[in-house]
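>>> what would the 3D arrangement of this be:
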Amino acid sequence: MAKAIRFYETGTPEVLKLEDVEVGDPAPGQARVRHSYIALNFIDIYFRTGRYPLALPNGLGSDAVGVVEAVGPGVTDIRVGDRVGYLIGPQGAYSQVRVMPAEVLIPLPDGVSDRTAATLMMKGMTAQYLFRQVFPLQGGETILYHAAAGGVGLIACQWARAMGVTMIGTVSTDEKAELAKANGCAHTIVTSREDIVQRVKEITDGKGVPVVYDSVGKDTLAASLDCLQPRGSLVSNGTSSGPVVIDSQMLAAKGSLWVTRPAMVHYIQPRAHMLDMARELFDHVLAGRIVSEPKQVFPLADAAEAHRALESRKTTGSTVLVP
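Down below sits the predicted model:
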């Protein structure tokens, strides 16, 4: 038996229950992983509240690191004792131990601790696919990135700096602005007292930016579009404030703009490509260009409290659960 968070209905953080669950031996193509750290991601809230449908009852969480305890028949590239992380697969990472498809497990390199890796599996790989695949940055661009002091945001700040990209980041407080700047964000906009469009125009001498990475959604949509150059791209990579609804005619009127709503699953397969993405990420970490540690740590039993902290925007950077 192992402890795991389960929920039987959607709703507030109180629906999350810590229960005993059975964890069996891995079947063919599977591995059993004992978690050391579990990452908290905003998408977990979408599943908990029902914004993203999920068959209930179910577990929660898609992102964790740990050690392989057992492998099933046919598994050849993952071995007992390997340190691994993962970010795709069935929900259920909020647990002490679980059985996973071996094909989604990513070996962790020596020199990258479990604690660091737990902040990078989903968030670091998200920065990789946003900056290197969805809108491939070449270096020299000036970009707008919303929620620059968040879990993905702080990694994006460092990745942008490593690539020679000038990042304009939005944040909600002066404290978060200082944190983003310390991580490589060239310019910050404190949305509680500054106008996003006006500041972007000032920074870019009226030109606007070629791409906006917007994980906020509804509340920032209008400003994001108004910050773009003609034929610019809005990468809508999250909707923390609500869903994005766009009139296609407006895109034409504002300069023949492009909009995409990417999903990790479409950028991370096949397995060989996923491993290449992870290798690029970990190369930055091992070279010291990206430094990442949890800013908040909660016991697994306090998953509901961790959700409340994330939803209230009281967190910065990455939050992890410890089994």
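>>> where do the helices sit along this protein?
42-49, 114-117, 121-129, 151-163, 174-182, 196-203, 221-226, 248-253, 271-286, 303-311 (DSSP state H).
>>> looking at those, spot the one closest to residue 6.
Closest of the helices of the chain to residue 6 is helix 303-311, at 10.5 Å (criterion: C-beta to C-beta). C-betas here are computed from N, CA, C, even on glycine.
>>> for residue 51, the count of nearby residues, please.
Look at residue 51: counted by other C-beta atoms under 10 Å, it has 13 neighbours.
>>> run through the residues that contact it.
residue 45 (C-beta atoms under 8 Å, 6 or more residues apart in numbering).
>>> which residue packs closest to residue 104, ignoring adjacent ones?
residue 89 (4.5 Å; C-beta to C-beta, 6 or more residues apart in numbering).
>>> now the one you found: how far from residue 30?
Using C-beta to C-beta, to the nearest Å, residue 89 is found at 10 Å from residue 30.
>>> ok, the two, which is more surrounded?
Per other C-beta under 10 Å, whichever of residue 89 and residue 30 has more neighbours is residue 30, with 22 against 16.
>>> how about the closest residue to that one other than its chain neighbours, what does it touch?
Among residues not flanking residue 30 along the chain, residue 72 sits closest, at 4.4 Å (C-beta to C-beta, 6+ apart). Shown in contact with residue 72 (C-beta under 8 Å, 6+ apart): 25, 26, 27, 28, 29, 30, 31, 102.
>>> switch to 6 Å and redo it
Residue 72 sits next to 26, 27, 28, 30 when contact means C-beta atoms under 6 Å, 6 or more residues apart in numbering.
>>> can you pull the poorly scored residue ranges out of this structure?
Judged against pLDDT under 70, the chain has no low-scoring part.
>>> distance check, the residue most central in space within it against residue 31.
With distances taken as C-alpha atoms, centre = their mean, residue 123 lies nearest the centre of the chain, 3.3 Å away. Residue 123 sits 23 Å away from residue 31, going by C-beta to C-beta.
>>> residue 259 - nearest residue in space that isn't next to it in sequence?
residue 234 (4.7 Å).
>>> what's near enough to touch that neighbour?
Residue 234 is in contact with 212, 224, 259, counting by C-beta under 6 Å, 6+ apart.
>>> strand partners (parallel or antiparallel) of the top strand by length along the chain?
Secondary structure assigned by DSSP state E gives strand 30-40 as the longest strand of the chain. Using DSSP bridges, strand 30-40 pairs in its sheet with strand 64-71 (antiparallel), strand 97-101 (antiparallel), strand 319-322 (antiparallel).
>>> any chance of these in a markdown table, plus mean neighbour count and distance to residue 57?
A markdown table is the format used below for these (neighbours: other C-beta atoms under 10 Å; distance: least, C-beta to C-beta, whole Å):
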| stretch | mean neighbour count | distance to residue 57 |
| --- | --- | --- |
| strand 64-71 | 22 | 20 |
| strand 97-101 | 20 | 15 |
| strand 319-322 | 22 | 19 |
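>>> and those strands as CSV, adding distance to residue 293?
Converted to CSV, the strands paired with strand 30-40 look like this (distance: least, C-beta to C-beta, whole Å):
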stretch, distance to residue 293
strand 64-71, 13
strand 97-101, 24
strand 319-322, 10
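>>> so which of those comes closest to residue 282?
Among the strands paired with strand 30-40, strand 64-71 sits nearest to residue 282 (C-beta to C-beta), with 12.4 Å.
>>> please enumerate residues in contact with that closest one?
26, 31-38, 78, 80, 82-85, 93, 114, 117-118.
>>> equivalent analysis for stretch 7-17, please.
5, 6, 49, 50, 56, 57, 303, 304, 307, 308.
>>> what do you get if the cut-off is 7 Å, keeping everything else the same?
Stretch 7-17 is contacted from outside by 5-6, 48-50, 56-58, 60, 303-304, 307-308, using C-beta atoms under 7 Å, 6 or more residues apart in numbering.
>>> off-centre distance for that stretch?
22 Å (C-alpha atoms, centre = their mean, to the nearest Å).
>>> what about it, how long is it end to end?
End-to-end span of stretch 7-17 (C-alpha to C-alpha, to the nearest Å): 6 Å.
>>> go on, stretch 99-108?
18 Å.
>>> cool, and stretch 57-66?
Stretch 57-66: ends 25 Å apart by C-alpha to C-alpha.
>>> centre of the chain versus it, how much separation?
14 Å.
>>> and that stretch, which residues are buried?
59, 60, 61, 62, 63, 64, 65, 66 (16 or more other C-beta atoms under 10 Å).
>>> run a quick neighbour tally on residue 144.
Neighbours of residue 144 under the rule other C-beta under 10 Å: 31.
>>> now it. Nearest residue, chain neighbours left out?
residue 212 (4.4 Å).
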